[in-house]
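Engineer: requesting a structural model of the entry that follows:
(one chain, ligands or ions: 1)
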Amino acid sequence: MAGSDRPGQINPSILMRSTGDSRRRQAACYRLEGRVAFITGGGAGLGEATAIRLSEEGANVAVVDINGNEADRVAASIPGALSLQVDVTDGTAVERAIDATVQHFGKVDIIFNNAGIAGEQQALHEYTEENWRAVNALNGDGVFYVLKHGITAMLKSGGGSIINTSSTAALTAQLNISAYSYSKAGVTGITRSAAVEYAKQGIRVNAIAPTAVLTPMVEAFIETSEDPEGFRAERENWNPIPGWPVAEDVAAVVAFLASDDARWITGHTLPMDGGYVVR
Ligand SMILES: NC(=O)c1ccc[n+]([C@@H]2O[C@H](COP(=O)([O-])OP(=O)(O)OC[C@H]3O[C@@H](n4cnc5c(N)ncnc54)[C@H](O)[C@@H]3O)[C@@H](O)[C@H]2O)c1
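Structural biologist: As a prediction, the model looks like this:
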C-alpha cells in the first residue's frame, strides 16, 4: 500500500484534486459573491429569471418593478432580496431606488437595465404618437435614467458591470414595431458610448440582444398579432437553432457578463439568438 493511501492518511494528490474540484465549483456557482445587483423589470420574464440566477451565484439582489406585487413575489423567493416598486420612466424615482439600494446593501455593483415594452403592433405610417412615446419613455428614457443614476453610484464605489437589454430588433429588420426597433437600436448605441466613457473608471457596459423568449411580454405580443397560431408555428423555426430559448438561458448570459469572467468585454451587444442575426 502506498504511504499516503494508508488508513488515516490523506493522499495529497486526492486533496489537490478535491480542492481543485471545489474551487472549480465555487468559481462556477459563486462568481458574484458579495456583489449587489439592481434589476429593473425584475417582477417577470427575463428580469425575474436573472434575479434568481444572480442570487444563486452569490449576489444580493434588488428587484425593481413598476408592479409592486410582482416585485414582492420575486423578492420573497430570493434570500435577502430587496423589493422596490419603481416606474423607471420617472428619473427621480430611479435616483431614489438606486439610493435605497446603496442604503440597504452598501453599494451597487451590477445593473440589469432591463425593463421594457414592445408597444402596440402598428405599421409605421399608422403608428400613433401615443404608442411611439410610451415605448420610448421606457425603452429610451428609462434606460437612460438607470444608466445615469446607476453610473453615479458606481463611480462612488469604484466600478461595476451594467447589462442593458437590447433585442435582435436592434440588429435586424422587424415589422410593425418601429418604436421598439428604434429604441433598442438606441440601447445598443448608448451601450457603446457608455462603455468607452467609463472604461477607465472600472465600469463595463454591455447589452444583450435576445431572440423571442416566451415571457409575459411575448405571450401578450403573440396574442395581439394578426395570426397568433401562425406566429407561434413560424417562430418554432425562426432561428437556426430550432425551438425557443427560455428566460433562464438569458439569465445565464447576464450572469456571465456581470461576472469577472467577462472582465475584458465591454461595449458589446451580445446576440442570444440561436444564430438568427448571422444566418
Ligand atoms: N422576451 C423576449 O422575447 C425579449 C426579446 C428581446 C428583448 N426583450 C427585452 O427584454 C426586456 C424584458 O422583457 P420580458 O420579455 O421579460 O418582459 P415582461 O413583460 O415579461 O417583463 C417586464 C417587466 O418589466 C416591468 N415594467 C414594465 N414597465 C415598467 C416600468 N415603467 N418601470 C419598471 N418596470 C416596468 C413589468 O411590470 C414586468 O414585470 C424588455 O426590455 C424587452 O424589450 C425581450
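Engineer: could you use CA atoms for every contact and neighbour count after this?
Structural biologist: Will do.
Engineer: interface residues of the stretch 51-200 of the chain facing the ligand?
Structural biologist: By CA under 6 Å from any ligand atom, the part of the stretch 51-200 of the chain that sits against the ligand consists of 65-67, 86-89, 114-118, 138, 165-167.
Engineer: who wins on neighbours among those?
Structural biologist: S166 (30 neighbours; other CA atoms under 10 Å).
Engineer: pretty sure it sits against T269.
Structural biologist: Yes - the criterion here is CA atoms under 8 Å, and S166 meets it with T269 at 7.4 Å.
Engineer: overlap in contacts, the two.
Structural biologist: Taking CA atoms under 8 Å, 6 or more residues apart in numbering as the criterion, S166 and T269 both touch 188, 207-209.
Engineer: now, which of these lie within helices?
Structural biologist: Counted as lying in helices by DSSP state H, out of the shared contacts of S166 and T269, are T188.
Engineer: for the protein, which segments count as helices?
Structural biologist: 12-29, 45-56, 68-76, 91-105, 129-136, 143-157, 178-198, 216-223, 228-236, 247-258.
Engineer: for T40, give its distance to the ligand.
Structural biologist: Distance of T40 to the ligand, computed by CA to the nearest ligand atom, to the nearest Å: 6 Å.
Engineer: that should have said I78, apologies.
Structural biologist: Taken as CA to the nearest ligand atom, the span from I78 to the ligand is 16 Å.
Engineer: am I right that that residue is in contact with R53?
Structural biologist: No - I78 lies out of contact with R53 (CA under 8 Å); the separation is 9.7 Å.
Engineer: and the closest residue to D99 other than its chain neighbours, what's its pLDDT?
Structural biologist: Spatial nearest neighbour of D99, chain neighbours left out: A153 (8.0 Å); criterion: CA to CA, 6 or more residues apart in numbering. We have a pLDDT of 98 for A153.
Engineer: go on, M1?
Structural biologist: pLDDT, read off for M1, is 32.
Engineer: could you do G41 as well?
Structural biologist: G41 is given a pLDDT of 98.
Engineer: now the one 3 residues further on
Structural biologist: Predicted confidence (pLDDT) for A44: 98.
Engineer: separation between it and R73?
Structural biologist: From A44 over to R73 the distance is 10 Å, taken as CA to CA, to the nearest Å.
Engineer: those two: who's more crowded?
Structural biologist: Shown here are A44 and R73; by other CA under 10 Å, A44 has more neighbours (22 against 15).
Engineer: from the ligand, how far off is the more buried one?
Structural biologist: In terms of CA to the nearest ligand atom, A44 sits 4 Å off from the ligand.
Engineer: tell me who's in contact with that residue.
Structural biologist: 70, 74, 215-216.
Engineer: for the residues you listed, which single residue is the most surrounded?
Structural biologist: That'd be V74 among those, by other CA under 10 Å, with 23 neighbours.
Engineer: excluding chain neighbours, what is closest to that one?
Structural biologist: G43 (6.0 Å).
Engineer: how many other residues sit next to that neighbour?
Structural biologist: Using other CA under 10 Å, G43 has 28 other residues around it.
Engineer: where's it relative to V246, distance?
Structural biologist: Where V246 is concerned, G43 sits at a distance of 16 Å (CA to CA).
Engineer: and what of G202?
Structural biologist: The gap separating G202 from V246 is 31 Å, by CA to CA.
Engineer: repeat that for Y182.
Structural biologist: The spacing between Y182 and V246, counted by CA to CA, is 25 Å.
Engineer: can you check V94 too?
Structural biologist: From V94 across to V246, the span is 28 Å (CA to CA).
Engineer: how about E56?
Structural biologist: Separation of E56 from V246 (CA to CA) stands at 17 Å.
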